[in-house]
Structure formats: C-alpha cells, structure tokens
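**Q** Sequence plus predicted model, see below.
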Amino acid sequence: MALNCGIVGLPNVGKSTIFSAVTSAPAEAANYPFCTIDPNIGIVAVPDSRLDEISRLIPAKKVTPATVEFVDIAGLVKGASQGEGLGNRFLASIREVGVIAHVVRCFDDPDIVHVSNRIDPASDIETINIELALADLETVQKRYDKISKLSRISKEQQKENEKILPIYERLIKCLEEGVPARTLGLDEDESALVYDLHLITLKPVIYVCNVDEDGISEDNEYVKTVRAIAAKENAPVVVICGKIESEIAALDSVEERQEFLEASGLTESGLNPLIRAAYSALGLRTFFTAGSDEDRAWTFHEGAKAPQCAGIIHTDFEKGFIKAEVYSVDDLIKYGSEAHVREAGKLRLEGKDYVVQDGDIVFFRFNV
C-alpha cells in the first residue's frame with residue numbers, strides 16, 4: 001500500500017485550503033471548480049506528544065518526528081468515471097494513494113459556489129462513492145469476463161478460479177449498487193486475492209467535515225449526517241474548520257499558533273487528528289531512538305519484527321542484527337530517565353522474533 005493520503009472531494013469543498021493548512025504548502029485555492037489540476041504533494045510531520053516527552057527527558061541536539069505524505073487531488077464531479085470534468089486524471093491520481101481523506105462541505109456560505117448549488121453532505125458523499133464504485137466496477141468486470149471465458153486452463157488455475165470468481169461476483173453486485181467495496185468486509189485472504197486489481201473503493205477512508213467557525217460544535221446537523229454514513233463503514237470522522245486552520249498555518253511561530261488556538265477555545269489544531277488518523281489508517285506505527293545526538297521517531301508497518309525495524313535505520317543494522325534493547329515511552333515517562341528504567345527492570349533484550357510495538361524506544365545491537 002502506498003504510504004500517502006489523498007485528499008479528495010467535490011470541487012469547492014475546501015480540499016486545497018485544508019491541504020495548504022496541513023502541509024503549510026501553497027496549494028492554489030479559488031472559488032471555482034477544478035482549481036486543482038495536477039496533484040499537490042506535501043510531507044507532514046506527525047504530531048506526537050511522546051516524542052516531546054522523550055526530548056524533555058533525554059535532551060538531544062536534534063529532534064526528528066515521523067512524517068506522512070499528503071496529496072491534494074483534483075475535485076471530482078458526477079460522471080467522472082466516464083471522463084467528465086477531470087475524471088480520468090482524478091481516478092489515476094487516487095489509485096496511487098494508500099488512504100483517502102474525503103473532504104465534505106459542512107457549512108453554508110452563499111459566496112462560495114457549490115458544484116450542485118446546494119449543501120447536502122449525504123448527496124456529496126454518494127456522488128463520489130458512486131463514481132469510484134463505477135470505476136472499480138469496470139475494472140472487476142473486465143477481469144471477471146477474462147477469467148471466466150478461459151477454456152484451456154490447468155487444474156491448479158481451475159482451483160484458483162473457484163476461489164476468486166465468487167469474490168468477483170460479490171464485488172460486482174456491490175459496485176453495481178454504487179456501494180464501496182470496503183463495505184463487503186473482505187477477510188485477509190480474500191483481500192489478497194483481489195489486491196492486484198488496486199480497487200479504489202477498497203482503500204481505507206477518513207471523512208473530513210469542513211465546517212465554518214460556528215459549526216465546530218456537535219450540534220452541526222451536516223456533521224451528524226456524515227457521522228451516520230461513516231458509522232456504517234466503520235470509518236473515522238475528523239471535524240476541521242478550514243478557515244481557522246489556514247489562519248493558524250499563516251502564523252510564524254509556535255507561540256502565536258498556541259495563543260490563537262487558546263483564543264479560539266481549541267486545545268489543538270484540528271489538523272492533528274487528521275494527520276494521526278491518516279498515519280494510523282496506513283497501518284503505520286512509531287518506534288523511537290533516543291540519545292544526545294538525536295531523538296527520533298521512526299515509521300514502521302504494524303507487525304514488523306526487530307530486524308526489519310533495524311533495517312529502516314540502516315540496512316547494515318538488519319544484516320548484522322544481534323539483539324535489541326527495548327523499553328517503552330510510558331516507562332520512560334513513569335521513571336523519569338533511562339537509568340531509572342533499567343533499575344526498575346523495565347529494559348529488555350529482545351531477539352529476531354520480537355514484534356516491535358508502537359511506542360517502543362529501541363537501541364539495536366549489530367555486527368557487520
């Protein structure tokens with residue numbers, strides 16, 4: 001799976017505004033459809049209070065956070081699956097991302113044009129889901145027709161087809177109804193069998209409600225509509241005020257941004273939950289290394305073992321892996337220093353079969 005998050009939605013829902021805020025990168029934003037043509041890309045630091053605690057307790061010359069890539073993709077309209085608007089380019093771009101952040105307009109503003117001339121989050125979500133489902137349907141149908149028509153195949157291929165054709169049939173039925181393939185709840189083995197189709201609607205999705213300054217509260221009816229739809233897909237929902245976030249991003253210092261948040265009655269930027277949600281949805285987790293030169297957060301795939309994580313730092317670490325000294329951030333915070341963690345018996349030596357956990361602080365022993 002690609003290690004990035006694509007920001008998608010109908011034209012004029014605030015995608016580029018949110019992208020610019022989240023990445024502090026200048027994506028063009030304007031009050032007309034198809035302002036974004038070529039995807040904008042930005043690398044974003046993952047907010048993590050654990051790294052802040054590590055740098056406080058183990059001061060270093062340099063502090064390096066984990067990162068995740070965001071991609072701002074052209075707005076999609078009804079008929080995109082047939083090439084309407086910038087449909088073909090949109091579909092090509094979205095196939096290349098690992099997670100979809102679906103921005104939904106949840107505010108009223110007569111000065112900002114809506115492509116359908118009405119504010120209706122359920123309809124907006126349905127439009128995009130249908131177009132993506134139709135694009136996937138074409139992909140699945142072509143593969144199904146090709147495989148089912150093969151007359152000369154080996155017994156091994158016949159057995160494979162007996163497994164995969166019923167899955168294709170389920171997908172076709174689902175996609176014909178305009179419903180995302182992820183709602184089928186395919187298990188790990190079934191997902192592996194259709195992985196090579198690279199279906200858009202199998203990608204994890206995060207619904208991003210773009211509200212105005214008065215719509216951040218839980219009383220926002222538009223947001224309630226989005227939450228109800230997301231609940232059926234077991235998808236996370238993040239509520240963001242794009243206008244506020246763009247104002248925060250324009251401030252120069254951390255102190256100014258914090259003062260702005262406090263004045264707005266917010267504890268943190270609404271973008272932070274989005275960044276963390278994207279990172280998590282990509283199946284990414286974080287381990288740390290700490291020392292006087294650098295405190296650093298490293299990204300790894302959930303389920304990775306110690307040698308694999310060592311290889312993320314340097315290939316020689318994986319080749320010559322011996323052991324890993326491991327303790328948790330929670331224990332560092334609890335005991336106040338690495339020395340006290342050792343004294344409490346919380347530092348462990350782990351071997352090649354150790355599955356690294358989110359929040360581990362690791363020192364790798366190796367020999368090459």
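**A** Sure, I can see it. Numbers count the residues shown, from 1 in each chain.
**Q** what about Tyr144, neighbour count?
**A** 17 (other CB atoms under 10 Å). (C-beta placed from N, C-alpha, C; glycine too.)
**Q** Wasn't His102 part of a helix?
**A** No - applying DSSP: H, G, I helix; E, B strand; the rest coil, one finds His102 to be strand, outside a helix.
**Q** Which pLDDT value goes with it?
**A** Predicted confidence (pLDDT) at His102: the value is 94.
**Q** these two touch, right, it and Val205?
**A** Yes - counting by CB atoms under 8 Å, His102 does reach Val205; the two are 5.5 Å apart.
**Q** gap between the residue lying closest to Leu197 once chain neighbours are set aside and Ser280?
**A** Take Leu197 and drop its neighbours on the chain: the residue closest to it by CB to CB, 6 or more residues apart in numbering is Thr139, 5.6 Å away. According to CB to CB, to the nearest Å, Thr139 and Ser280 sit 27 Å apart.
**Q** ditto for His102
**A** Distance from His102 to Ser280, by CB to CB: 16 Å.
**Q** now Ser148
**A** Note on Ser148: its distance to Ser280, by CB to CB, is 38 Å.
**Q** More neighbours: which of the two?
**A** The residue with more neighbours, out of Ser148 and Ser280 and counting by other CB under 10 Å, is Ser280; that gives 18 against 11.
**Q** So Glu131 belongs to a helix, correct?
**A** Yes - in this structure, Glu131 lies within a helix as judged by three-state DSSP.
**Q** ok, Ser191 - contacts?
**A** Contact analysis of Ser191 by CB atoms under 8 Å, 6 or more residues apart in numbering lists Leu202.
**Q** circling back to that earlier point, doesn't Leu199 make contact with the residue nearest to Leu197?
**A** Yes - counting by CB under 8 Å, a contact exists between Thr139 and Leu199, whose distance comes to 6.6 Å.
**Q** Which of those two has more residues huddled nearby?
**A** Here Thr139 and Leu199 are compared on neighbour count by other CB under 10 Å; more neighbours surround Leu199, at 23 against 17.
**Q** Identify the residue nearest that one in space, chain neighbours excluded?
**A** The shortest distance from Leu199 to any residue that is not its chain neighbour, by CB to CB, 6+ apart, is 4.7 Å, and that residue is Asp136.
**Q** and the next element down the chain from the helix or strand harbouring that neighbour?
**A** Taking DSSP states H and E as the definition, Asp136 sits inside helix 121-148. Towards the C-terminus, the helix or strand next in line after helix 121-148, according to DSSP H and E, is helix 155-176.
**Q** Now do that next one: distance to the chain's middle.
**A** Taking CA atoms, centre = their mean, to the nearest Å, one finds helix 155-176 lying 29 Å from the centre of the chain it belongs to.
**Q** mean confidence for that helix?
**A** Confidence over helix 155-176 (mean pLDDT, whole number) is 87.
**Q** Need the contact partners of stretch 56-69.
**A** Contacts of stretch 56-69 (CB under 8 Å, 6+ apart): 3-5, 41-48, 51, 55, 275, 278-279, 282, 284, 286, 290-299, 332-333, 336-338.
**Q** cool, stretch 144-157 as well?
**A** 161, 164-165, 168-169, 172.
**Q** For those, which entry has the maximal number of neighbours?
**A** So for these (other CB under 10 Å), the most neighbours sit at Tyr168, 20 neighbours.
**Q** So that residue is in contact with Leu137, correct?
**A** No - counting by CB under 8 Å, no contact exists between Tyr168 and Leu137, whose distance comes to 10.8 Å.
**Q** What mean pLDDT does the helix or strand containing Val63 get?
**A** When elements are defined using DSSP H and E, Val63 is found to belong to strand 62-64. Mean pLDDT, taken over the full extent of strand 62-64, equals 94.
**Q** The following helix or strand past it pairs with which strands?
**A** Toward the C-terminal end, the helix or strand that comes next after strand 62-64 (DSSP H and E) is strand 67-72. Taking DSSP bridges as the criterion, strand 67-72 sits next to strand 4-8 (parallel), strand 40-45 (antiparallel) in its sheet.
**Q** In CSV, could you pull the C-alpha coordinates for the last one?
**A** The C-alpha atoms that make up strand 40-45 are tabulated as CSV, following Å, rounded to 0.1, in the frame of the first residue of the first chain:
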residue,chain,number,x,y,z
ASN,A,40,0.0,18.9,-5.0
ILE,A,41,2.2,16.9,-2.6
GLY,A,42,3.3,17.8,0.9
ILE,A,43,5.3,15.9,3.6
VAL,A,44,3.8,16.4,7.1
ALA,A,45,5.3,15.8,10.5
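**Q** Quick check: next helix or strand after that strand?
**A** Following strand 40-45 in sequence order, the next helix or strand is helix 49-57 (DSSP H and E).
**Q** just so I have it, where are all the strands in the stretch 201-350 of the chain?
**A** Assignment of strands within the stretch 201-350 of the chain using DSSP state E, counting those that start in this stretch yields the ranges 205-210, 237-240, 284-289, 294-301, 321-328, 348-350.
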